[in-house]
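Chemist: predicted structure and sequence below. I'll ask about it afterward.
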Amino acid sequence: MKTGDRVRFLNSVGGGIVKGFKNKDIVWVEEDDGFETPALIRECIVVEPDKSSTKAPEKKETRPEPPKPTEIPYEIVELPGKDRLNVYLAYLPVDIKIIGKCPYETYLINDSNYYLYFNYMNRQNNAWNSRFAELIEPNTRLFIEEFTKEQLNDLERICVQFIAFKKDKPFGLKTAYSVELRIDGVKFYKLHSFRENDFFEDDALIYPLVVNDFHQKELLISASDLQEAMTQKAKADNSYRPPAPVKKEKTQAVIEVDLHINQLLDSTSGMNNTEMLNVQLDKFRQTMEENKNQKGQKIVFIHGKGEGVLRNAVLSELKSKYKNCPVQDASFKEYGFGATMVTIR
């Protein structure tokens, strides 16, 4: 029961319209003569509900939703002549004006119509460490990481592995690739190492990984491996001939390595003495590692007289890591007092 309902009295004649409620038990009813009579709620029955309360709710005005923008699917467009794999690794200085002091950026370049799933790794403590793994789209370059000059030693040995495929279309099967590189840290201090290229507006140091589907494997062959291969080839070529007489080993040419900093770097701006010494020692170590298997090879390291810091550092390295290699002062006539000669044993 509510205000406005028409009710009829149960225990007496009459009825009317509910005008209000005195309390929870008594209701005021306006009879047909206009008088309001109090009545017990329990003695009244609703015979006609208030019609005003049954009106349909008004419809709210609704605005049409704006049309959703049509999404245009991104489509990979293949380029003519790009069905052969050409993949490169690129390094760029963040600020070439302070090369040798600024950080460097690493990119992978996919110059082909194939997608590549790849893994970029470096070698540390006789194990490989994954630095970045991702999918790169066709005909694009992808930023891999940024690193500082202090991290260059960690990037001496790099490996990139990848597989190539196309989406939603047939394609020619490509082999799975695994390319190892030896990164020369000294190059990151030289302006001429970073050159004009087809992939960046700035000069970059570019290492080819795959060119026209061919694996660009770096030749890291030791002298002993090379000698063994040449011996096997000679045996195959001369299998029908008597053994050739043993020839005396020819005298190997002396290797000269100038460790003066101005011969190794274009600029030493922003570098302190310790940093320059490390660059010089890196060149010394690189030369020794490249020739450590070439027995009898003589190497002259030109370090200058100066205060003897570089000479003492070189001698210390030789005593600790190359104890079997004889060391002596190089010819005074040719090099003066500032050179040391090492013979590989």
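Modeler: Now that the structure is in, tell me what you want to look at. Numbers count the residues shown, from 1 in each chain.
Chemist: contact partners of whatever helix or strand Ile299 lives in?
Modeler: Assignment of secondary structure by DSSP states H and E places Ile299 within strand 298-302. Strand 298-302 is contacted by residues 252, 254-260, 284, 287-288, 291, 314, 330, 335, 338-344 when judged by Cβ atoms under 8 Å, 6 or more residues apart in numbering. For every residue, glycine as well, the C-beta is placed using N, CA and C.
Chemist: 10 Å instead, please
Modeler: By Cβ atoms under 10 Å, 6 or more residues apart in numbering, the list of residues contacting strand 298-302 from outside reads 251-260, 263, 280, 283-284, 287-288, 290-291, 310-311, 314-315, 318, 325-328, 330-331, 334-336, 338-344.
Chemist: which of these are buried?
Modeler: Judged by neighbour count, with 16 or more other Cβ atoms under 10 Å as the criterion, the buried members of the contacts of strand 298-302 are 255, 257-259, 280, 283-284, 287-288, 291, 310-311, 314-315, 318, 325, 330, 335, 338-342, 344.
Chemist: show me what contacts the residue nearest in space to the middle of the chain?
Modeler: The centroid of the chain falls nearest to Ile144 when counting by Cα atoms, centre = their mean (1.8 Å). Residues in contact with Ile144, defined by Cβ under 10 Å, 6+ apart, are 89-91, 105-108, 118, 120, 131-134, 136, 160.
Chemist: returning to what we had before: how far away from the center of its chain is the strand holding Ile299?
Modeler: On the basis of Cα atoms, centre = their mean, to the nearest Å, strand 298-302 is displaced by 39 Å from the centre of the chain it belongs to.
Chemist: neighbouring strands - and their directions - for it?
Modeler: On the basis of DSSP bridges, the sheet neighbours of strand 298-302 come out as strand 255-258 (parallel), strand 339-343 (antiparallel).
Chemist: please save the CA atoms from the next helix or strand after the shortest one in PDB.
Modeler: Towards the C-terminus, the helix or strand next in line after strand 255-258, according to DSSP H and E, is helix 261-264. The C-alpha atoms that make up helix 261-264 are tabulated as PDB, following Å, rounded to 0.1, in the frame of the first residue of the first chain:
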ATOM      1  CA  ILE A 261     100.200   5.200 -28.700                       C
ATOM      2  CA  ASN A 262     100.100   7.600 -31.700                       C
ATOM      3  CA  GLN A 263     100.500   4.600 -34.000                       C
ATOM      4  CA  LEU A 264      97.600   2.700 -32.400                       C
END
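Chemist: quick check: buried residues in helix 261-264?
Modeler: For helix 261-264, the neighbour count (16+ other Cβ under 10 Å) marks Ile261, Leu264 as buried.
Chemist: number of nearby residues for Val210?
Modeler: Applying other Cβ atoms under 10 Å, we find 24 residues neighbouring Val210.
Chemist: now do the same for it: its pLDDT.
Modeler: Each residue has a pLDDT score; the one for Val210 is 95.
Chemist: mind listing what it touches?
Modeler: The contact partners of Val210, by Cβ under 10 Å, 6+ apart, come to 84-88, 110-112, 116, 160, 162, 164, 174-175, 177, 179, 216.
Chemist: same check on Lys323?
Modeler: Applying Cβ under 10 Å, 6+ apart, the residues near Lys323 are Arg345.
Chemist: am I right that it is in a helix?
Modeler: No. Checked against DSSP: H, G, I helix; E, B strand; the rest coil, Lys323 lies outside a helix; its state is coil.
Chemist: got any ranges where the stretch 1-150 of the chain has weak pLDDT?
Modeler: Per-residue confidence for the stretch 1-150 of the chain (pLDDT under 70) gives these ranges: 51-64, 66-74.
Chemist: if we go to 90?
Modeler: Within the stretch 1-150 of the chain, the stretches with pLDDT under 90 are 1-78, 96, 100, 124-126, 149.
Chemist: could you double-check that Ile109 sits in contact with Pro138?
Modeler: No. Between Ile109 and Pro138 there is no contact under Cβ atoms under 10 Å: 11.5 Å.
Chemist: and this protein, what are its domains?
Modeler: Residue ranges of the domains in the chain are recorded as 6-49, 87-215, 250-343, according to automatic domain parsing.
Chemist: next, the distance between the ends of the first one.
Modeler: The straight-line separation of the ends of domain 6-49 (Cα to Cα, to the nearest Å) is 6 Å.
Chemist: check stretch 165-179 too.
Modeler: Counting by Cα to Cα, the length from the leading to the trailing residue of stretch 165-179 is 18 Å.
Chemist: and the average pLDDT for that stretch is what?
Modeler: Stretch 165-179 shows a mean pLDDT of 93.
Chemist: now do that stretch: distance to the chain's middle.
Modeler: On Cα atoms, centre = their mean, the centre of stretch 165-179 falls 21 Å from that of its chain.
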